[in-house]
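Asks: Next comes the sequence, and after it the predicted model I'd like to discuss.
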Amino acid sequence: MLTQAIKGVKDVLPEDSVKWRHLEGVVRKLFSDYGFSEIRTPIIEHTILFARSIGATSDIVEKEMYAFKDQGGDEITLRPEGTAGVVRAYVEHKLFASRSVTKVYYMGPMFRRERPQAGRLRQFHQIGVEALGVSEPGIDVDILAALVELFSRLKVQGVELHINSLGCRDCRAAYKIALKNFLTGKIDSLCPDCQRRVETNPLRALDCKSEHCEAATADAPMMLEYLDSDCRAHFESVKQGLDDLGIRYVINPRMVRGLDYYTRTTFEMIAVDKKGAQNAVAAGGRYDSLVEEIGGPPTPGIGFAIGVERLLLMLPEAGDSAPLPKVYIAAIGGEAARFGQKLADALRKCGISAERDYSPGGLRNQMKKADRSGAAYTVIIGEDEMTKGAAILRDMKTREQSEVKLDEMVEEIKKRVAAFSTDANNEHGTRFL
Ligand code: HAM
């Protein structure tokens, strides 16, 4: 217990955090290009916020929330997703009063007590955006374009954009009746969960992964056939906008989403080589009634969230961990070690990461450690070098060695390392300016 993390939660170890930072860097730049500013909302919210927004009969609210009473008796929940908190903050701080459109993004941990398996965690991370205040389909297209561009900038392949429309409250009500009637006629072929859902949340039966339910609902009526004229026109404009931008998509009429707040456009970015419930790397849609539902003025909204852990599994290896131009200091002998400490300090103050051996062994041993550290340069310094006033600077890649005066060492290393900072795409490089 003491030395084991809770089931379904994961440490991000130092070697992995390089990927996280890379992803966060790309995402921040992209969201700024598309006009989103960052918002940070609390990890805990009142339980009622999630029940009201995600839906009391959704799997998340029924089975998966980390909900508890705190010492003061308040009902609190660890957020299972980011949209509800953003919408709550939007209403609480009256963000609608100062601007007609609010475009925000967020990154952070979310909590769902699901059965842990590959791609499914109990603490996972989302990167999401929300745009509030625009009902026109142009924003749907912008949001989808940002999502597709993100995958492109990250060079992630093997994903497919699936879109659907869930209509508005009015046309969905008519559809729900038709679907309920259809499912009632198939009730014996449905799994126990879906038998219950026929009454509480019939749309979810279309999303069930049980073979029996898939077969039983193969010719079920679809929401797309029930869209009213406004919802149909909206969906047509979204498709037209995607076509105009050359964005490819699949219309997936069975995609119903697991959160109840959606209206009209919904979408998922699907990993094509993965089967089952864990194949959605990102998902989102419109929620035109949600702001009003939690007590704000009628305001349309749309957004998406990416599952960070799922996305990281798909990031190509190359370029993830650009070599850090680190310096390793191999010092032999007491006086050299003291110089090594001062040199490391001077380099770090210039923003150059430097490492050394705290209990130095022989030269061979230290060179092995220098190799393993991934350092770009090693400074080799022993008693002789101290006497001479010059140490050896070794380029670890080319294996070239040169003698550099001790009092010129910092400047020489700065010069060599500066080459890394000229590469604008190398996020590590900027640390060496
Ligand atoms: P969601 O579909 O529940 O939507 O989650 C979005 C993404 O989070 C999923 O596609 C998946 O990649 C990731 N995810 C969800 N659950 C887990 C889990 N247990 N382990 C690992 N990854 C997971 C939402 O959360 C909505 N708030 C998205 C949204 C924003 N809609 C409008 N705005």
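Replies: Everything's here; your move. Numbering: from 1, shown residues only.
Asks: Please count neighbours and contacts with C-alpha atoms only from this point.
Replies: OK.
Asks: Those residues of the stretch 151-300 of the chain touching the ligand, which are they?
Replies: The stretch 151-300 of the chain has residues 280-285 near the ligand, with proximity defined as CA under 6 Å from any ligand atom.
Asks: Inside strands: which ones of the residues you listed?
Replies: The strands, defined by DSSP state E, take in 280-285 from these.
Asks: Out of those, grab the one that's most surrounded.
Replies: Within those, most neighbours by other CA atoms under 10 Å means G285, with 27 neighbours.
Asks: tell me the pLDDT at that one?
Replies: Listed pLDDT for G285 reads 98.
Asks: For the lengthiest helix in the chain, name the packing helices and strands.
Replies: Ordering each helix of the chain by length in residues (DSSP state H) puts helix 14-33 first. Applying 3 or more CA pairs under 8 Å, 6 or more residues apart in numbering; DSSP states H and E, we find helix 14-33 packed against helix 137-153.
Asks: Tell me which residues are up against the following helix or strand past the helix it packs on.
Replies: Next along the chain after helix 137-153, taking DSSP states H and E as the criterion, comes strand 159-165. Applying CA atoms under 8 Å, 6 or more residues apart in numbering, the contact partners of strand 159-165 are 223-224, 231, 235, 248-256, 263-272.
Asks: and strand 159-165 with strand 280-286, angle?
Replies: In terms of direction (axes from the mean of the first three to the mean of the last three CA atoms, to 10 degrees), strand 159-165 departs from strand 280-286 by 30 degrees.
Asks: Direction included, what does strand 159-165 pair up with?
Replies: Strand 159-165 pairs in its sheet with strand 250-251 (parallel), strand 263-271 (antiparallel), by DSSP bridges.
Asks: Centre of the chain to the first one, how far?
Replies: What that stands for is strand 250-251. Centroid separation for strand 250-251 versus its chain: 23 Å, with CA atoms, centre = their mean, to the nearest Å.
Asks: before we move on, what about the last one?
Replies: Between the centre of strand 263-271 and the centre of its chain there are 16 Å (CA atoms, centre = their mean).
Asks: Next up, the contacts around the residue nearest to R286 when sequence neighbours are not counted.
Replies: Nearest residue to R286, sequence neighbours excluded (CA to CA, 6 or more residues apart in numbering): I302, at 4.1 Å. I302 makes contacts with 130-132, 140, 143, 284-288, as judged by CA under 8 Å, 6+ apart.
Asks: ok, now how distant is G133 from the ligand?
Replies: The span separating G133 from the ligand equals 14 Å under the rule CA to the nearest ligand atom, to the nearest Å.
Asks: Pull the number of nearby residues for the residue lying closest to that residue once chain neighbours are set aside.
Replies: Leaving aside its sequence neighbours, G133 sits nearest to V101 (CA to CA, 6+ apart; 4.8 Å). Around V101 sit 16 other residues, with neighbours defined as other CA under 10 Å.
Asks: okay, V101: pLDDT?
Replies: Reported pLDDT for V101: 95.
Asks: Report the central residue of this structure.
Replies: V308 (3.2 Å; CA atoms, centre = their mean).
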